[in-house]
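> Okay, sequence plus prediction incoming.
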Amino acid sequence: MDRRQFFRTSATVGAAIGAAVLPIKKAKAEATKENKEFIGVLVDTTRCIGCRSCEVACSVTHDNYVPDVKNDNALEKIHDTSDKQWTIVNRFKTEKGDVFVKRQCMHCWQPACGAACLVNAMYKTKEGPVTWDGDKCMGCRFCMISCPFDIPKAEYHSWNPRIMKCNMCYERLKEGKKPACVEACPTDALMFGPKRELMEVARHRVYSHPDKYVRHIYGEHEVGGTGWLYLSAVPFNQIGFRTDLGTTPYPEYTKQFLVSVPLILFGVPALLLGLNELTDRKNKLSESSEWTKPGEEHE
Amino acid sequence: MSNAAVFTSEFSRVFRFFLQELKPRGKWLTPFNVISIPIIIVGLVILYFRFVYGLGSVTNLNQEFPWGLWIGFDVVTGVAFAGGSYVVTFVVYVMRNDKYHSIVRVTVLNGLMAYVFYAGALVLDLGRPWHIVNPIIGNSFGYNSVLFLVSWHFLLYMIAMFVEFSPVIAEWAKLEKVRKFLSALTLGAVIFGITLSILHQSGLGALFLMAKPKIHPLWYSEFIPILFFVSSIYAGLAMIIFEGTISHKVFKDLIGDGNHKRNEEIVLGLAKGAAITMFVYYFFQALLFVHEQRWNLIHDFWGYWYLVEIIGFVLIPCCMFAYAVRNRNLGLIKVASVMALLGIILNRLNVSVIAFRWYAADHYYPSWQEIVVTLMVISVEIWVLRWIITRMPVLSKH
């Protein structure tokens, strides 16, 4: 191997290492373990009376659009959270009468939006809430593509759009308060705490009232487990939940691809350099001999 | 003269040369200019509204469809079309195949322009484009994100392609020493570029892996990244044939009428490559069809639509390529390459837009403003491409 060849090889390898350092760092970050418990909220839909106090409390806390609960007839049709409201209540007509369901971010254990975000603007905090940081976000909306619950919403009519979604009142949690919606709920339909405790309460309710609840706690296993859990009297697909999302955490779907990246980054240059060595040297190309310059004569 | 003085005089010479070259040449009222200038002007007005009043003021994007034509066509499809660059540099520089050397410069230039403009069109779609440097220099590296990888690879690949193309610029500016130095970097840039291409061509497919519940099962599989990579090979080859056909008409005086034979051999070789890779791609799709028991899904509109894509725009152009190569039918090759390109557009749009949320009551369709801006991006790209081709030694003497 001559000197030039050596430099070429080392330059290629160096560049490949440069690009591959990033995944290695990532592996390190994953190895640090969190001993803090994630918190969440248990929603008992059998207790909800559809007063929508949570909607008002949420919007007041976060300076969003405050709905006129008495007059806007929002319960008449099924709607979704929006860039103006981080939480909404829907009414479903079921065999067991009207069921009211509050929707907001589920605060997944392993959030797809967080794995999608290339700048860590969408970020799962140590406490559990998934939050959004406007100083980092570049507005690519990949979080919206990835979220299985379609929670992140973009402000399409702003020159400086924010991604709007429930942050579980992260700023209130840091002050030792509960989320605004939980505090506002007059019927104890919402219960705030570490997921382990919420699961105990949820299981206890289901086991002691088997006639009142379906034996399914939505969020226990869905998409690898979520911070918000739901109890219901009717099967969840009747009250607007997707039951086909599976129990695999969504970041797992891209893991296989990401793991293969270092393999390709190092394997392919090695293969190509080897192939290049093996090819016939006599074919060496002369770079500058046969090109026409515009305006020049050609034969 | 001291070194510094030589450098300064060289620099001012190149600068003056550049200013002189900036002046337009040739006729102004060509059909292309007449069509493209109004498109560019209208596009700029639309972009003004887009940046002042938000994406919602000119696009049909909504909360259910966060990605539309600008991502699905400009970025995802445009990058697939630029795949020819890594395929041809592989053949020429790694495998040292002299036959395709005469198309290597124009192909790399096309690839570079496609990345600058189509991947660059991403900026128009970003809500907060001034944060675009965050994943590059910020303290906020989202290592877990496929998009993080894709954005880094876009950037690095553009640099690699620029290095591959830089000897041409040096030759144009008559900087012989610089050209020699830059030429020595080519193989390294090529190998690095091929590696990056494999990763981000497949990475564009991997973007949709987490959208599992939203993409019609006929288009979703865990193998989307591999399908995207394999199809980018023939997308690139078909694009070279297509672009070659056009530039042989438009830049006739630069290429010359001599040696049709060599050009014919090149096109036949590219078509052969396209036929083989298309068949591999089709075979993989067929395996997926069986493996995932997709026959249960082909009895409704989406099933027929899927068959249109796979049979009509993969299998049929694949057979056309194969037949045309056997019979040295260049006309048929051109038709086949157009069909293959349409098939790529169909596939990329199906995954990213059309079969995305196929169940939605109000499906997204692009607004006229989105279409005009897309045409504007293409027009500006052709303007820059034409400027470079008519000035730099890009096209080969035959």
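Arrived safely, thanks for sending.
> Return the residues of the stretch 201-350 of chain B in contact with chain A.
B:202-203, B:206-214, B:222, B:225, B:254-256, B:258 (C-beta under 8 Å from any C-beta of the partner chain). Any C-beta I mention is one placed from the backbone N, CA and C, and that applies to glycine too.
> In the stretch 51-200 of chain A, which residue sits nearest chain B?
Nearest residue of the stretch 51-200 of chain A to chain B (C-beta to the nearest C-beta) works out as A:Gly139 at 2.2 Å.
> I'd like to know how far the most centrally placed residue in chain B sits from chain A.
Geometric centre of chain B, nearest residue: B:Ala82, 2.7 Å, by C-alpha atoms, centre = their mean. Applying C-beta to the nearest C-beta, to the nearest Å, the value for B:Ala82 to chain A is 18 Å.
> That residue touches B:Gly111, doesn't it?
Yes. Counting by C-beta atoms under 8 Å, B:Ala82 does reach B:Gly111; the two are 4.5 Å apart.
> and the residue in the stretch 51-200 of chain B positioned nearest to chain A, helix, strand or coil?
Closest contact between the stretch 51-200 of chain B and chain A, by C-beta to the nearest C-beta, is at B:Gly127 (2.2 Å). Following DSSP: H, G, I helix; E, B strand; the rest coil, we place B:Gly127 in the coil state.
> Quick check: which ranges of the chain have low pLDDT?
You didn't say which chain, so I picked chain A. Applying pLDDT under 70 to chain A picks out residues A:1-35, A:280-299.
> think we crossed wires, I meant chain B
B:1, B:138-139, B:256-259, B:396-398.
> and the longest helix for it?
Ranked by number of residues, the top helix in chain B under DSSP state H is helix B:260-291.
> For it, name the packing helices and strands.
helix B:101-114, helix B:224-250, helix B:316-326, helix B:330-349 (3 or more C-beta pairs under 8 Å, 6 or more residues apart in numbering or on different chains; DSSP states H and E).
> Okay, helices next: where are they in the stretch 1-150 of chain A?
With DSSP state H, counting those that start in this stretch, the ranges of helices along the stretch 1-150 of chain A come out as A:3-31, A:53-61, A:112-116, A:142-146.
> Tell me the helix or strand right after the helix or strand hosting B:Phe181.
Assessed by DSSP states H and E, B:Phe181 sits inside helix B:176-184. On the C-terminal side of helix B:176-184, the closest following helix or strand by DSSP H and E is helix B:186-206.
> chain center to that following helix, what's the gap?
13 Å (C-alpha atoms, centre = their mean, to the nearest Å).
> same question, stretch B:319-338
Put simply, stretch B:319-338 sits 22 Å off its chain's centre (C-alpha atoms, centre = their mean).
> Can you tell me what sits against that stretch?
B:237-239, B:241-242, B:245, B:264, B:267-268, B:271-272, B:274-275, B:278-279, B:317, B:339-340 (C-beta atoms under 8 Å, 6 or more residues apart in numbering or on different chains).
> Quick check: the nearest residue to B:Phe154 once chain neighbours are set aside vs A:Lys93, distance?
For B:Phe154, ignoring the flanking residues on the chain, the nearest one in space by C-beta to C-beta, 6 or more residues apart in numbering or on different chains is B:Ala119 at 4.9 Å. Separation of B:Ala119 from A:Lys93 (C-beta to C-beta, to the nearest Å): 49 Å.
> Also A:Asn120?
42 Å.
> neighbour-wise, which of the two wins?
A:Asn120 (22 against 9; other C-beta atoms under 10 Å in any protein chain shown).
> May I have the phi/psi pair for the more buried one?
phi 60, psi 30 (degrees, to the nearest 10).
> and it, what is it in contact with?
A:Asn120 neighbours (C-beta under 8 Å, 6+ apart): A:114, A:133, A:136, B:140-142.
> Recalculate using a threshold of 6 Å.
B:140, B:142 (C-beta atoms under 6 Å, 6 or more residues apart in numbering or on different chains).
> same deal with B:Ser202?
Neighbours of B:Ser202 in contact, by C-beta under 6 Å, 6+ apart: B:225, B:228-229.
> Just give the nearest non-adjacent residue to the residue sitting nearest the centre point of chain A, would you?
Chain A has A:Cys113 as the residue nearest its centroid, 2.2 Å off, counting by C-alpha atoms, centre = their mean. Distance criterion C-beta to C-beta, 6+ apart; nearest residue to A:Cys113, sequence neighbours excluded, is A:Cys143 at 3.7 Å.
> distance of the one you found from A:Thr125?
Where A:Thr125 is concerned, A:Cys143 sits at a distance of 16 Å (C-beta to C-beta).
> Could you do B:Tyr359 as well?
From B:Tyr359 to A:Thr125 the distance is 33 Å (C-beta to C-beta).
> okay, the two: which has more neighbours?
A:Thr125 (17 against 9).
> Name the nearest residue to that one, sequence neighbours excluded.
A:Thr131 (5.8 Å).
> just checking, the one you found touches A:Tyr170?
Yes. With contacts counted by C-beta atoms under 6 Å, A:Thr131 reaches A:Tyr170, the gap being 5.1 Å.
> Compare the two (neighbour count), which wins?
A:Thr131 (19 against 16).
> contacting residues for the more buried one?
So A:Thr131 contacts A:123, A:125, A:167, A:170 (C-beta under 6 Å, 6+ apart).
> and it, bridged to which residues?
Per DSSP bridges, the residues bridged to A:Thr131 are A:Tyr123.
> That one and B:Ile233, how far apart?
From A:Thr131 to B:Ile233 the distance is 41 Å (C-beta to C-beta).
> Give me the neighbour count for B:Trp152.
20.
> now swap in A:Leu275 and tell me
Neighbours around A:Leu275, by other C-beta under 10 Å: 14.
> Skipping its backbone neighbours, what lies nearest it in space?
Going by C-beta to C-beta, 6+ apart, A:Leu275 has B:Val94 as its nearest residue, at 5.7 Å.
> Which residues are in contact with that neighbour?
Applying C-beta under 6 Å, 6+ apart, the residues near B:Val94 are A:272, A:275-276.
> Also B:Trp70?
B:Trp70 neighbours (C-beta under 6 Å, 6+ apart): B:Asp125.
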